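# 3D, please:
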Amino acid sequence: MTTIPTIHLNGTGAKTLWAEYHDAYKAIDQAINALVDATCNGRDYYPQGEQAFHDAREERQEALNKLRDVKSYAQDVLLGIMAQSPDCD
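Here you go, the predicted structure:
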């Protein structure tokens, strides 16, 4: 559940909110892609022992999952803003 800002006269404008969260969404997407593209190869971990590469892959997956959760949050806020102000896109 994501708490969506309410668009009203005394608050931040819908287009401003949408632009800010859209920028955040795009940046998170770029961060996900950059992490996916970053090398995670067993040859870089074998001197640490057999378990190190498996640990590194699990840690990387956890980090990606967190980024995807944040991306989902930003998307939920964007959709909530758009539901209140359809001219934002």
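
# for the residue nearest the centre of the chain, which non-adjacent residue is closest in space?
By C-alpha atoms, centre = their mean, the mean C-alpha position of the chain lies nearest to Lys71, the distance being 2.7 Å. Here the nearest residue to Lys71 in space, its sequence neighbours aside, is Ile28; by C-beta to C-beta, 6 or more residues apart in numbering that works out to 4.5 Å. From N, CA and C alone the C-beta is placed, and that goes for glycine too.

# could you do Thr2 as well?
Asp76 (3.9 Å).

# verify the stated contact: the one you found with Ile4.
Yes - if you go by C-beta atoms under 8 Å, Asp76 and Ile4 touch, sitting 7.2 Å apart.

# hey, where'd the helices end up in the chain?
For the chain, applying DSSP state H gives helices covering 14-37, 50-84.

# can those helices go into a markdown table with extra columns for distance to Asp44 and mean pLDDT?
Shown next, in a markdown table, are those (distance: least, C-beta to C-beta, whole Å; pLDDT from 0 to 100):
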| stretch | distance to Asp44 | mean pLDDT |
| --- | --- | --- |
| helix 14-37 | 15 | 97 |
| helix 50-84 | 8 | 97 |
